[in-house]
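Visitor: structural data only, the sequence is not supplied:
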C-alpha cells in the first residue's frame, strides 16, 4: 500500500515540477539581456501610434448639458415681417456622443461614432412679429450625426488621419426626422509626422461647416507634451486649440477655444407660413473657455467648462433642396437675411466613459 | 499480491503517461504566450512568464528608462496607491492572472497602464505565433481598445 502512495506522490511531483521551476526562473532576469532584440517575424514593422504621452483620455461615451446665458438676437426683416430683437433667457440643450474603435491593428485603426446635440432658444416672449424669431422660439435645433476616424500609419514617423461625418441639422422633431437630402457632409485629411513619443503634428485640408456655412480650409494638427508631463498642447486648428495642464493623469485643466457650428434647416414643421421653404441658419460660434476634467470613479470622468461664447455667424441662406453652395471669404452671394447675435457667458457639464 | 501490485503499477504508469501527454499538450498550447513581447507604442518590452497555472507579464525594458525630470530610473508614479509610487517600472508586473482557455485565448487577467495608473480587464488572443491581440476593456469588451503586440527574439548576428 505504501508503495502505491509513493507512486502517486511521484506522479504529482512530476506534474507540478515544471511550472514551479518556471516560476523560480522569472525572478532571476538580467534586464540588459532585453536590450538587443528583434521581431521574431522578420516582416513585422513598427508603426507610429495615434497618441502622444500625456494626451487627455479619449471618450468612448459622453453625455452632457450646455447652457448659454441671456443675450440679444437682432433679427433682420424677413417675409414681409419687420426686424425685431429677441431677448433670450437661456439657450440650452443635451448632448450625447459615442466613439468606439471597431478595428484596431498597429497598421490601421478605425473608429465609428455617433453624436446628438440639441439647442433650445428660450426667450422672454412666446410670440414674435418677426418670422425668424418665431421659428427660433417654436422648436429645438437638433444635430444627429454619424462619423468615422481612420488612423493609418505608414511607418514609425508618418501617418494619415481621415475624418468624415454626416449630420442632419435642423429644427425637426426627433420623432419625425427631416429628409436625408439635407444631410451635411464634412471631411478632413491630415498627413502627419510623429517626431517623438511627445510630439505629433500634421497638415491637411477639410470640408467643414464649423463656421456655419460650407467651407474648405487648411488645417493643422499639433499634439505635444512637455517632458515634465505637466504642460501640453492639443490642437486641431482652426477647429480647436487648447493648452493642457496636467495636475495628475486623473485631473486635467485646459485653456483655449473651440469653433462650433453647423447649417440648420429652418421651419421643418411649417409652423410659420413663409414664402420660402429652404432656409438654413448658418450658426457658427467661437467658444473661448477653460475646462476641468477629472476621473471620478473607475473609468468615469466628469468635465466642467465655462467661457465666453462669441457669435461668429447667425445669418440665413436660401439653400434650394439642400444643394449647398460655397460662398467662401470672397464670395458675394447675398444672404436671405442677416442677423446679429450677442455674446453670453456659457457653461457646459459632461460625464463620460473613457477608453483604456 | 505481487501480481496485483504489478497490474496496479502498469495501470498507474499508463494513466501517468496519458496525464503527462495531455498536460504537456495543454501546457504547450498555453505556453505559446511565454516570451518577450513589444506593445505597439514600442515604449516597453514585456516578458510573459507562467507561475503555477497562470500567466504574468513584467516590464523588462523601457525605451526611456529614466525619468527626464529626475534623471532617476522611472517609477510607478501614477499609481493611485501612494505606497506603490516608488516601485521601479522596470520589473513591474503589468499583466496579471491570465488563464489559458484553449484556442489561443487567455482570459480572467488584468492589464495595468503605468501612464495613468489604471487597471483594466483584459483578454489575450494569439493571432499568429508572433502576434498577440491584447484587448483592455471596461466591463464589457465593446468598451475597450485592442493593442497588437509583437514577439521579440535575440538579435541575429551578422
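Guide: Yep, that arrived. Treat the numbers as computed from the prediction; the structure is a model and nothing was measured.

Visitor: hmm, the strand ranked longest in chain B in reach of chain A?
Guide: Secondary structure of chain B read by DSSP state E shows that its longest strand is strand B:140-154. Yes. Using Cβ under 8 Å from any Cβ of the partner chain, a contact is recorded between strand B:140-154 and chain A, made by B:142-148, B:150-154. All C-beta atoms are positioned from the backbone trio N, CA, C, and that covers glycine.

Visitor: give me the contact list for that strand.
Guide: A:34, A:36-41, A:44, A:60-61, A:100-101, A:104-106, A:353, A:355-356, B:35-41, B:45-46, B:120, B:123, B:127, B:129-138 (Cβ atoms under 8 Å, 6 or more residues apart in numbering or on different chains).

Visitor: the residue lying closest to residue B:32 once chain neighbours are set aside sits in which helix or strand?
Guide: Computed as Cβ to Cβ, 6 or more residues apart in numbering or on different chains, the closest residue to residue B:32 that is not its neighbour in sequence is residue B:126, at 5.6 Å. According to DSSP states H and E, residue B:126 maps onto strand B:118-128.

Visitor: buried residues in that strand?
Guide: Of the residues in strand B:118-128, B:118-124, B:126 count as buried by neighbour count, 16 or more other Cβ atoms under 10 Å in any protein chain shown.

Visitor: now stretch A:55-73
Guide: A:55-62, A:64, A:66, A:68-69, A:71, A:73.

Visitor: now, which of those residues lie close to chain B?
Guide: Answer for these near chain B (Cβ under 8 Å from any Cβ): A:57, A:60-61.

Visitor: contact residues of the stretch 151-300 of chain A facing chain B?
Guide: So the stretch 151-300 of chain A meets chain B at A:156, A:197, A:227-229, A:248-250, A:298-299 (Cβ under 8 Å from any Cβ).

Visitor: and the closest residue to residue A:78 other than its chain neighbours, how far from chain B?
Guide: Closest residue to residue A:78 apart from its sequence neighbours, by Cβ to Cβ, 6+ apart: residue A:337 at 4.7 Å. Between residue A:337 and chain B the computed distance is 46 Å (Cβ to the nearest Cβ, to the nearest Å).

Visitor: test my guess that residue A:337 contacts residue A:316.
Guide: Yes. With contact defined as Cβ atoms under 8 Å, residue A:337 counts as touching residue A:316 (5.5 Å).

Visitor: between the two, point out the one with more neighbours.
Guide: residue A:316 (25 against 19; other Cβ atoms under 10 Å in any protein chain shown).

Visitor: what pairs with the more buried one across the strands?
Guide: Residue A:316 has these beta-bridge partners by DSSP bridges: residue A:281, residue A:337.

Visitor: how near is it to chain B?
Guide: 41 Å.

Visitor: show me the contacts for residue A:138.
Guide: A:171, A:269, A:271-272.

Visitor: give me the buried subset of the residues you listed.
Guide: A:171, A:272.

Visitor: hmm, back to that, what's the residue nearest to residue A:78 in contact with, if anything?
Guide: A:75-78, A:132, A:315-316.

Visitor: count of residues packed around the closest residue to residue A:318 other than its chain neighbours?
Guide: Nearest residue to residue A:318 in three dimensions, chain neighbours excluded: residue A:336, at 4.6 Å (Cβ to Cβ, 6+ apart). As a burial measure, residue A:336 scores 19 neighbours (other Cβ under 10 Å).

Visitor: next, residue A:336: phi, psi?
Guide: phi -60, psi -40 (degrees, to the nearest 10).

Visitor: beta-bridge partners for residue A:248, please?
Guide: Here residue A:248, judged by DSSP bridges, has bridge partners residue A:251.

Visitor: so it is in contact with residue B:82, correct?
Guide: No. Counting by Cβ under 8 Å, residue A:248 stays clear of residue B:82, with 11.5 Å between them.

Visitor: look at the two and report which has more neighbours.
Guide: Neighbour count, other Cβ under 10 Å: between residue A:248 and residue B:82, residue A:248 has more, with 15 against 7.

Visitor: from residue B:85, how far off is that one?
Guide: Per Cβ to Cβ, to the nearest Å, residue A:248 is found 11 Å from residue B:85.

Visitor: okay, now the domains of chain B?
Guide: With automatic domain parsing as the criterion, the domains of chain B are listed as B:1-33, B:34-152.

Visitor: now the last one: how far from the chain's centre is it?
Guide: What that stands for is domain B:34-152. 8 Å (Cα atoms, centre = their mean, to the nearest Å).

Visitor: and that domain, how far apart are its ends?
Guide: 11 Å (Cα to Cα, to the nearest Å).

Visitor: any residue of stretch B:51-61 touching chain A?
Guide: Yes. With Cβ under 8 Å from any Cβ as the measure, stretch B:51-61 is seen reaching chain A through B:51-53, B:56, B:58, B:60-61.

Visitor: out of these, which end up buried?
Guide: Using 16+ other Cβ under 10 Å, the buried members of those are B:51, B:56, B:58, B:60-61.

Visitor: out of these, which comes closest to residue A:160?
Guide: residue B:61 (29.7 Å; Cβ to Cβ).

Visitor: return the distance of whatever helix or strand residue A:150 lives in from the chain's centre.
Guide: Using DSSP H and E, residue A:150 maps to strand A:141-153. On the basis of Cα atoms, centre = their mean, strand A:141-153 sits 8 Å off its chain's mean C-alpha point.

Visitor: and for stretch A:94-101?
Guide: 8 Å.

Visitor: who does the closest residue to residue A:57 other than its chain neighbours bridge with?
Guide: With sequence-adjacent residues excluded and distances taken as Cβ to Cβ, 6+ apart, residue A:57 is closest to residue A:354, at 3.9 Å. In this entry, residue A:354 is beta-bridged to residue A:59, by DSSP bridges.

Visitor: quick check: residue A:354 touching residue A:301?
Guide: Yes. If you go by Cβ under 8 Å, residue A:354 and residue A:301 touch, sitting 5.3 Å apart.

Visitor: touching the helix or strand hosting residue A:352 from outside, list them.
Guide: Taking DSSP H and E as the criterion, residue A:352 maps to strand A:345-354. With Cβ under 8 Å, 6+ apart as the test, strand A:345-354 has contacts from A:57-69, A:95, A:287, A:295, A:299-309, B:138, B:143.
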